[in-house]
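Colleague: Need a 3D model of the sequence below.
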Amino acid sequence: MRRAVIGGAAAAMAAAAYLLAPVRLAVSAPPLAERDVAVLRAAVRPSDGEDPFASIPWETNLWDARTKAAAAGKPLLLWEMDGHPLGCG
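Modeller: Okay, here's the model as predicted:
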């Protein structure tokens, strides 16, 4: 029974130390210069021919896509995602 009291006291001391610790303010990075933005953009964008998915003439209107597919006698691929655009959950 004594161990529970010591454990409780240790937990209380740890909680107090956490709550009384100084708050650190976040330091933001300086803004990027236009030259730096251009360099970063060139580094992360796919080069020509690297992203064949972007070369497909995707339709954003379902009815237009259906009409075109029916006229060409081709199937329709529906790419649909639910959830947050960055998480798709």
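Colleague: where's residue 67 relative to residue 33, distance?
Modeller: 48 Å (Cβ to Cβ, to the nearest Å). All C-beta atoms are positioned from the backbone trio N, CA, C, and that covers glycine.
Colleague: Would you mind telling me which of those two has more residues around it?
Modeller: Neighbour count, other Cβ atoms under 10 Å: between residue 67 and residue 33, residue 67 has more, with 12 against 9.
Colleague: how close does the more buried one sit to residue 75?
Modeller: For residue 67, the distance to residue 75 - Cβ to Cβ - is 14 Å.
Colleague: ok, now residue 49?
Modeller: Residue 49 is 26 Å from residue 75, by Cβ to Cβ.
Colleague: Also residue 47?
Modeller: Applying Cβ to Cβ, the value for residue 47 to residue 75 is 31 Å.
Colleague: now do residue 19
Modeller: To residue 75, residue 19 is 62 Å away according to Cβ to Cβ.
Colleague: And for residue 27?
Modeller: On the measure of Cβ to Cβ, residue 27 and residue 75 end up 54 Å apart.
Colleague: What ranges does this structure have for its strands?
Modeller: Under the criterion DSSP state E, the chain carries no strands.
Colleague: Tell me the confidence at residue 5?
Modeller: Note on residue 5: pLDDT of 51.
Colleague: per-residue confidence at the closest residue to residue 79 other than its chain neighbours?
Modeller: Excluding the flanking residues, the one nearest residue 79 by Cβ to Cβ, 6 or more residues apart in numbering is residue 58, at 7.9 Å. Residue 58 carries a pLDDT score of 87 in this model.
Colleague: Also residue 45?
Modeller: For residue 45, pLDDT reads 88.
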